[in-house]
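>>> Mind folding the following:
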Amino acid sequence: MWDSFSAWCLGRSPRVTLDSLALDDLQAFQSARFGRKTTDRSLSPRYALRLVRLIDHVLRHHAAATDAPVNTAPTDWIAANPEVRYSEAETKDPLPEYLTALEARQLITHLSSARPRPGRDSNALAAMSWQEVRNRASVALQLGAGLTPGDVRALVLGSPISQGGRVRGQIWKLSVPGNGTSKARETPLAPWAAELLQYWMQVRRDAGIAGEHLFPSTRTGKPWLADSQYKNARQVLEDAGMDSREGGSFRLRHTFAMRQLRRGTPPDQVAAWMGVEPAEMRRYERVLPAAVEVV
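Alright, predicted model coming up:
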């Protein structure tokens with residue numbers, strides 16, 4: 001979040017500094033980012049509130065370190081934008097978008113067709129590029145393990161864990177590194193997603209892809225950029241027949257949460273798996289009484 005904001009400040013003419021940052025600068029940044037659809041860069045009201053709070057913390061630290069007056073631009077901006085100021089109020093918090101049972105089955109069928117299965121045409125598999133297998137496997141982890149797009153890009157070759165599972169040698173959970181917005185944690189992986197991940201790792205080895213990233217951008221192992229991942233995930237959903245309503249691939253993460261809560265998993269445990277505070281589970285509890293089966 002800070003990297004994105006500081007890059008924007010440095011790109012202004014004249015540059016915006018900690019000392020010169022003003023209310024108009026924050027408004028200009030908000031206007032520049034409003035409406036962006038990139039899954040983990042959209043400046044929604046809740047995202048804006050968290051970002052501006054972060055900016056406020058940095059400015060207060062800077063003021064204390066330099067014995068200077070506190071720059072109140074962030075707090076002034078929040079006060080001037082009530083839709084941001086109250087965005088974390090329960091009544092303002094939008095209900096999570098999640099897949100219906102039918103949609104989830106449809107998507108799982110599409111994703112799983114990228115790996116060998118009885119009756120699957122081997123020629124079709126051979127014609128599939130390693131990038132397409134990567135894309136489907138990465139989407140599978142968002143639905144099958146509740147990962148964010150940032151989590152997916154942070155995974156390394158050592159993230160899949162097979163030790164301690166019910167079936168020897170079979171991946172059953174992931175070790176997810178912290179990525180700046182989510183905590184480092186371990187989370188279980190749905191068996192169907194684990195099978196697709198196992199196949200992706202084989203494809204990755206056979207293609208001679210270098211580097212430590214589990215889902216690299218190139219054969220040389222370069223990191224997968226957010227915009228590229230977003231476009232690829234959207235294409236996977238469209239190819240599976242999913243509509244393009246709001247929520248993007250985060251619907252998959254919300255579906256994971258709903259599935260676990262419907263199973264009776266304690267909210268605190270689900271929050272730990274997702275790398276969020278337990279209080280964030282309340283938004284799912286608001287829709288659980290009316291929820292239908294979630295795959």
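
>>> From the domain annotation, what segments belong to each domain of the chain?
2-85, 101-290 (automatic domain parsing).

>>> For the longest one, give the mean pLDDT please.
What it means is domain 101-290. pLDDT averaged over domain 101-290 equals 89, rounded to a whole number.

>>> Distance from the chain centre to that domain, please.
Centre-to-centre, domain 101-290 and its host chain are 10 Å apart (Cα atoms, centre = their mean, to the nearest Å).

>>> Strands of this structure, residue ranges please.
Along the chain, the stretches classed as strands by DSSP state E are 160-161, 173-176, 185-188.

>>> looking at those, which is buried most?
strand 173-176 (a mean of 22; mean count of other Cβ atoms under 10 Å). The C-beta positions use only the backbone N, C-alpha and C, and glycine is treated the same way.

>>> sorry, back to before: kindly present the strands of the chain as JSON lines, with separate columns for distance to residue 235.
Written out in JSON lines, the entries for the strands of the chain read as follows (distance: least, Cβ to Cβ, whole Å):
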{"stretch": "strand 160-161", "distance to residue 235": "24"}
{"stretch": "strand 173-176", "distance to residue 235": "23"}
{"stretch": "strand 185-188", "distance to residue 235": "25"}
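
>>> just so I know, which of those lies nearest residue 14?
With Cβ to Cβ as the criterion, residue 14 lies closest to strand 173-176 of these, at 40.5 Å.

>>> for this structure, what's the longest helix?
Under DSSP state H, the helix in the chain containing the largest number of residues is helix 45-66.

>>> List the buried residues for that one?
45, 47-52, 55-56, 58-59, 62-63 (16 or more other Cβ atoms under 10 Å).

>>> How about stretch 104-119?
By neighbour count, and taking 16+ other Cβ under 10 Å as the criterion, the buried residues in stretch 104-119 are 104, 106, 107, 108, 110, 111, 112, 113, 114, 115.

>>> ditto for stretch 162-169
Buried positions in stretch 162-169, judged by neighbour count with 16+ other Cβ under 10 Å: residue 165.

>>> again, but for stretch 17-25
18, 21, 25.

>>> what does stretch 269-277 give?
Buried positions in stretch 269-277, judged by neighbour count with 16+ other Cβ under 10 Å: 270, 271, 272, 273, 274, 275, 276.

>>> Can you get me the start-to-end distance on stretch 31-47?
14 Å (Cα to Cα, to the nearest Å).

>>> Just give me the closest of the buried residues of stretch 269-277 to residue 220.
Taking the buried residues of stretch 269-277 together and measuring to residue 220 by Cβ to Cβ, the closest member is residue 275, at 29.3 Å.

>>> I'd assumed residue 175 was in contact with that closest one.
No - using Cβ atoms under 8 Å, residue 275 and residue 175 do not qualify as a contacting pair, with a distance of 11.9 Å.

>>> Spit out the residues that contact these two alike.
184, 185 (Cβ atoms under 8 Å, 6 or more residues apart in numbering).
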